[in-house]
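Asks: got a predicted structure plus its sequence, pasted below:
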Amino acid sequence: MKIRHPLVIAALALPLVCLTLLATYKQVQIMSGAQFTIPIVGFDPRDLLAGHYLTYRLDFGNDRLCARERAQDEPPAEAVLLCLRQARGGSLTTRVLADYQFSPPALAAGCDAVLKARCEYGRVLAGVERFYVPEEHAAALDRLVRSHKGKIVISVDRFGTGTVKDLLLNDRPWRAAIANGGN
């Protein structure tokens, strides 16, 4: 059977082209951004509606990042810009940039990258708080995450967008931890 109409071919090819472009964009975003390793806490290993993924909170080591007093009529969420600086030893320092106008590619003084986030009910949310877990590894990963120190590796592009790159357990990629039985 021959497909004779060129519009049918275009209609079949368009979703494939779009998916390829999206995957390429995400990969370029990950590869070109500044890389940071951030400890994570507060794990929720499963959402029955969205499949297996690990939900967590970023632990910046500074509980006062979202401690600003809100007016009574102000909404509970507010946009913030976080200055991220990672030392050679791996320690991360974070501070909120007050009165900083984000205009890429300019960086604030003393920042390796600026991450766009929001404060919601006293927590920093940067859009990187979920990590997909393949179903066949969900139970093992859940057990490992609860018994080990977890960290997330993110890439922050010049526009302030964070993208999850990897999950680390005891400073090793999660696949290696599962393959090694969690040791």
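Replies: Yes, it's here. Numbering: from 1, shown residues only.
Asks: can you pull out the helices in this structure?
Replies: 6-32, 138-147, 174-179 (DSSP state H).
Asks: so which of those helices is nearest Q86?
Replies: Checking the helices of the chain against Q86 by Cβ to Cβ gives helix 6-32 as the closest, at 16.5 Å. Any C-beta I mention is one placed from the backbone N, CA and C, and that applies to glycine too.
Asks: now mean pLDDT too, for the helices of the chain, in a markdown table please.
Replies: Formatted as a markdown table, the helices of the chain follow (pLDDT from 0 to 100):
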| stretch | mean pLDDT |
| --- | --- |
| helix 6-32 | 85 |
| helix 138-147 | 75 |
| helix 174-179 | 83 |
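Asks: could you pull out the strands for this structure?
Replies: Counting by DSSP state E, one finds strands in the chain at the ranges 34-47, 51-58, 77-86, 92-96, 113-120, 123-125, 130-132, 150-156, 162-169, 172-173.
Asks: show me the contacts for the nearest residue to C111 once chain neighbours are set aside.
Replies: Residue nearest to C111 in three dimensions, not counting chain neighbours: C83, with 4.0 Å by Cβ to Cβ, 6 or more residues apart in numbering. For C83, the contact set (Cβ atoms under 8 Å, 6 or more residues apart in numbering) comprises T94, R95, V96, L97, A108, G110, C111, V114.
Asks: measure the residue nearest the centre of the chain to T55 for me?
Replies: Central residue of the chain (Cα atoms, centre = their mean): V128, 2.4 Å from the mean position. Note on V128: its distance to T55, by Cβ to Cβ, to the nearest Å, is 11 Å.
Asks: identify whichever of the helices of the chain lies nearest to T163.
Replies: Among the helices of the chain, if distance is taken as Cβ to Cβ, the winner is helix 6-32, at 5.3 Å.
Asks: buried residues in the closest one, which are they?
Replies: In terms of neighbour count (16 or more other Cβ atoms under 10 Å), helix 6-32 has its buried residues at Q29, I30.
Asks: swap in stretch 171-180?
Replies: Across stretch 171-180, burial judged by 16+ other Cβ under 10 Å covers W174, A177, I178.
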